[in-house]
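Student: sequence and predicted structure below; questions after.
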Amino acid sequence: MVTDDQPTPEDPTARRQSRGIKLWLGMLLAAIAYFSQLFFANAMVEWACYRGSMWVLHLITIIALLVAALGAYLAWTGWHEEERLVEHDGFDSGNRIRFMGWSGLILSALFGLGIIVQEIPTFIVGPCVGR
């Protein structure tokens, strides 16, 4: 039995809120991946230098790139799902959806590029220079 204060599965507001999560994740995941890669790679430099192995630094970068790509995918799918369903819900939020979709794609691309740029010194210089 459903009471008045609980949204039903057919409630368009509840559906709209759950679909909007993809757009928000699309905008934020790449930034979170970028700063996480920066933090964890810098934290692991001592270990990598001591062990003489850089695989963990490369692994951190690969994981960060995958998370940034997931953010781009979520921005893309969330944008297109929202565009299709906005007409059926009766909400006039098409401009917001386009803005968040494009912003998520652009931010994912820029932060993904930043992750790659942070990895370049690992290949050229290595973690043990200056230690």
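Tutor: Yes, it's here. What you see is a predicted model, and the numbers here were worked out from it, not measured in a lab.
Student: quick one: low-confidence parts of this protein?
Tutor: Along the chain, segments meeting pLDDT under 70 span 1-19, 82-94, 131.
Student: now name the helix or strand holding the spatially most central residue of the chain.
Tutor: For the chain, residue 29 is the residue whose C-alpha lies nearest the centre (Cα atoms, centre = their mean; 2.0 Å). In the assignment (DSSP states H and E), residue 29 maps to helix 12-51.
Student: that helix: what's the following helix or strand?
Tutor: As assigned by DSSP H and E, the chain's next helix or strand after helix 12-51 is helix 55-89.
Student: the residue nearest to the residue nearest to the centre of the chain when sequence neighbours are not counted: neighbouring residues, count only.
Tutor: Leaving aside its sequence neighbours, residue 29 sits nearest to residue 71 (Cβ to Cβ, 6 or more residues apart in numbering; 3.1 Å). Bear in mind the C-beta positions are built from the backbone N, C-alpha and C, glycine included. The tally of other residues near residue 71 (other Cβ atoms under 10 Å) stands at 27.
Student: residues in contact with the residue nearest to the centre of the chain?
Tutor: 67-68, 70-71, 74, 108 (Cβ atoms under 8 Å, 6 or more residues apart in numbering).
Student: is it possible to get a markdown table of these that adds distance to residue 58?
Tutor: What follows is the contacts of residue 29, written out as a markdown table (distance: Cβ to Cβ, whole Å):
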| residue | distance to residue 58 |
| --- | --- |
| 67 | 15 |
| 68 | 16 |
| 70 | 19 |
| 71 | 20 |
| 74 | 25 |
| 108 | 21 |
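Student: residue 56: which of these is nearest?
Tutor: Nearest to residue 56 among those is residue 67, at 16.6 Å by Cβ to Cβ.
Student: now that closest one, nearest residue through space, not along the chain?
Tutor: The spatial neighbour of residue 67 that comes closest, neighbours along the chain excluded (Cβ to Cβ, 6+ apart), is residue 33 at 3.8 Å.
Student: state the distance from the nearest residue to residue 25 once chain neighbours are set aside to residue 104.
Tutor: Of all residues not flanking residue 25 in the chain, residue 74 sits nearest, at 4.8 Å (Cβ to Cβ, 6+ apart). Per Cβ to Cβ, to the nearest Å, residue 74 is found 7 Å from residue 104.
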